[in-house]
Each structure stands twice: as C-alpha cells, then as structure tokens.
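Student: using only what follows, build the 3D model:
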Amino acid sequence: EHFHTWNGIKIPLPLQQARVVYWFFEGFTEYYANLFMLRLGIFSFKDYVDRYNTTLYNYFTSPVKNAPNLQVIAEYHANKNLHIDKLPYYRGEILAHNWNTKIKKETNLKYSLDDVMRDLFDESQENEATTSAPLIRKLIQKYLPEELDDEIQKYVEEGETILPNKDALGTCCSLTWKKMNNFDHGFDRQKSRKEGIIFGVKENSEAFKAGLRDRQKFIEMSDPDIFKIYTTKLSKIKVKDFDGLIKTIVYYPVGDKEFNVPQYIFDQEKLDKNKEECLRWFEIKGEEG
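Tutor: Sure, this is the predicted structure:
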C-alpha cells in the first residue's frame, strides 16, 4: 500500500477512468512491493519466487482469466466469487515481469522497468500527465529498439492469456510447466461465514470427504496462507455437528479441474555459486538478507 503513494498519487490515475488502468495501478504495485521486499532482504529469493509462482497459479487457474478489460471494469466489485477483481493484479504483475525482462536483456542490464517508472514520474510532475496505456507504451519504447506488439490491447483489453517470460527471474531460476488442480473450498464459504451455517457443500469435494456437511454450524475457519500455492496448504474449519459435538474439518482445498500452470524453480546451488550474477539481475547491492 505504501507504493501507492507513488503509483496512484504522485503518478496519478485518470480521474474519470481509473479502473481502465487498474492492471497498472494494482499489478505494478504488487510487482514492486515484492521486489522491494527482496531488495531490502526481508524476502529471500525463495520467498520471492514463491510469491510470483502463487500469482501465476492464481492467474492460470482463474475461471475468468480471459475476461476482457471492459468486463473487469463493469464487474470489479460485483463478481468476487469468480475473482475477477483480482485479474488486474495478476495481469499487471506478469506484464511488469515480462517487460522488465525485455528491457534488461535488450540493454544488457543497463536499464530496467525502474527507469520506465522514473520516466513516468517525471512526466506526471513536469507535464501533469496521468497514467495511460499510450504513455506507458511510449516510455517503454525508449529502451527497446523495435516496437513491442500492442500487448496492452492483446492481454489486457482483449484478455488473451499472458505467458511468462522464461528469463523473468534471472539466472538462478528456470521455468517449467506443471499439472495442477484448481483451488476449491468445496462449499460456499462467503454465505457460510455470513449466515453461521455451512452451505453449498459439493459432493465428492475434499471438504465433503473430510466430513463437512450442509447445515452444520459454522464456528471459524483457518484459510490457507494466501502467499503459498493454495492447494498445498490445509484448510481447517471448526463446526458444531448435528450431535452437538465441536469438530475441526481438515482437508486440502483441491478442486477437480486440472490446469497447465507455469512455475519457476529456484536453484539454490546456482545462487550459491553465482550470487553476484543473481543479485545483479534484481539490482541488489551487497549480500542478500
């Protein structure tokens, strides 16, 4: 949230059409929040890779992954069950990684997305510019000799799937594709919390197999850690059963849909052997914390 002091205030959004560029406002802020935590030594490289892998998992398993931006704008606050309000975060963060990679590789690490952000800040201060797709494209173009395809139109406005750049996390990581199931609570969590009664348990779901049933009294739920891959973290739901006994239902929230999901593999051995090179990619000086 602190980075919104820059992205959204010092670099202002258009007053009447702010949601049009939410992919930049939210997604780029997510990118820099995690990057700064790495640069400050608060995150380890593995933490950083885990965060980005979670974004990729959430994006590639999203039921609304290919929603056009006009739909995202219209349903931003009205369609939370389908996670459409999170699409700008995912899209912007992936584009930020990809564009940063293209700039770094083209300029032999002389420039990065940081320079685009500084230029955007200068434009906002000197020319009172607000964030817009044409301005972002123009500023990125300073660092790339050939014009990029109109990725904003293709990936944001039209909703085409964004593929992550294999080199986005530098030389200490490699990109692979994994078969992964979707995250699924297996019941209507929102309604159950609100009403205090379990609703919408899906037969054959992991929740049902673990003993969760409609009309049990909902007491509390421990959600999976939002910064890990959801399906590998246990869900724990405390309920009062029909016999009056308090029970804790424990299960992995794995759905029945399988997806191909890109994931980066962190190589600790490469980091140990080539630490300077790994640090340089993320513009970190000194030792990693």
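Student: how far is the longest strand that the chain contains from where the chain is centred?
Tutor: Longest strand of the chain, by residue count under DSSP state E: strand 254-266. Relative to the centre of its chain, strand 254-266 is centred 14 Å away, using CA atoms, centre = their mean, to the nearest Å.
Student: make residue 1 into 59 and carry on from there
Tutor: That works, and once the first residue is 59, the last one we named lands at strand 312-324.
Student: buried ones in the helix or strand following it?
Tutor: Sequence-wise, the next helix or strand downstream of strand 312-324 (DSSP states H and E) is helix 326-331. Neighbour counts over helix 326-331 (16 or more other CB atoms under 10 Å) mark 328-329 as buried. Quick note: C-beta positions are derived from backbone N, CA and C, even for glycine.
Student: now helix 326-331: how far from the chain's centre is it?
Tutor: The chain centre lies 26 Å from the centre of helix 326-331; the measure is CA atoms, centre = their mean.
Student: would you indicate which residues of the helix or strand that that helix is followed by are buried?
Tutor: Downstream of helix 326-331, the first helix or strand assigned by DSSP H and E is helix 333-339. For helix 333-339, a neighbour-count test (16+ other CB under 10 Å) marks 336-337, 339 as buried.
Student: quick check: of those residues, which lies closest to residue 226?
Tutor: Of all the buried residues of helix 333-339, residue 226 sits closest to residue 339, with 9.6 Å by CB to CB.
Student: the spatially closest residue to residue 276 that is not a sequence neighbour: neighbouring residues, count only.
Tutor: Among residues not flanking residue 276 along the chain, residue 250 sits closest, at 4.8 Å (CB to CB, 6 or more residues apart in numbering). Neighbour count of residue 250, defined by other CB atoms under 10 Å: 23.
Student: helices or strands next to the helix or strand harbouring residue 250 in the packing?
Tutor: Using DSSP H and E, residue 250 sits in helix 247-253. In terms of contacts (3 or more CB pairs under 8 Å, 6 or more residues apart in numbering; DSSP states H and E), helix 247-253 is packed against strand 275-280.
Student: buried set for the strand it packs on?
Tutor: Using 16+ other CB under 10 Å as the burial criterion, the residues of strand 275-280 that qualify are 275-276, 279.
Student: what's the closest of the buried residues of helix 333-339 to residue 192?
Tutor: Using CB to CB, the shortest approach to residue 192 within the buried residues of helix 333-339 belongs to residue 339, at 29.4 Å.
Student: what's near enough to touch that closest one?
Tutor: Residue 339 is in contact with 162, 167, 227-230, counting by CB atoms under 8 Å, 6 or more residues apart in numbering.
Student: same question for residue 289.
Tutor: Applying CB under 8 Å, 6+ apart, we find residue 289 in contact with 238-241, 310-313.
Student: doesn't it belong to a strand?
Tutor: No. Using DSSP: H, G, I helix; E, B strand; the rest coil, the secondary structure at residue 289 is helix, not a strand.
Student: and the gap between it and residue 120?
Tutor: Distance of residue 289 to residue 120, given as CB to CB, to the nearest Å: 14 Å.
Student: and the buried residues of strand 275-280, which is closest to residue 148?
Tutor: Nearest to residue 148 among the buried residues of strand 275-280 is residue 279, at 24.2 Å by CB to CB.
Student: pLDDT on stretch 269-278, on average?
Tutor: Averaging pLDDT along stretch 269-278 gives 95.
Student: helix, strand, or coil at residue 237?
Tutor: Under three-state DSSP, residue 237 comes out as strand.
Student: show me where this protein has its strands.
Tutor: For the chain, the strands defined by DSSP E occupy 65-66, 69-70, 231-241, 275-280, 293-298, 304-309, 312-324.
Student: turn those strands into JSON lines, including distance to residue 195.
Tutor: What follows is those, written out as JSON lines (distance: least, CB to CB, whole Å):
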{"stretch": "strand 65-66", "distance to residue 195": "17"}
{"stretch": "strand 69-70", "distance to residue 195": "16"}
{"stretch": "strand 231-241", "distance to residue 195": "26"}
{"stretch": "strand 275-280", "distance to residue 195": "44"}
{"stretch": "strand 293-298", "distance to residue 195": "42"}
{"stretch": "strand 304-309", "distance to residue 195": "46"}
{"stretch": "strand 312-324", "distance to residue 195": "25"}
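Student: not counting its neighbours along the chain, what's nearest residue 246?
Tutor: Spatial nearest neighbour of residue 246, chain neighbours left out: residue 258 (3.2 Å); criterion: CB to CB, 6+ apart.
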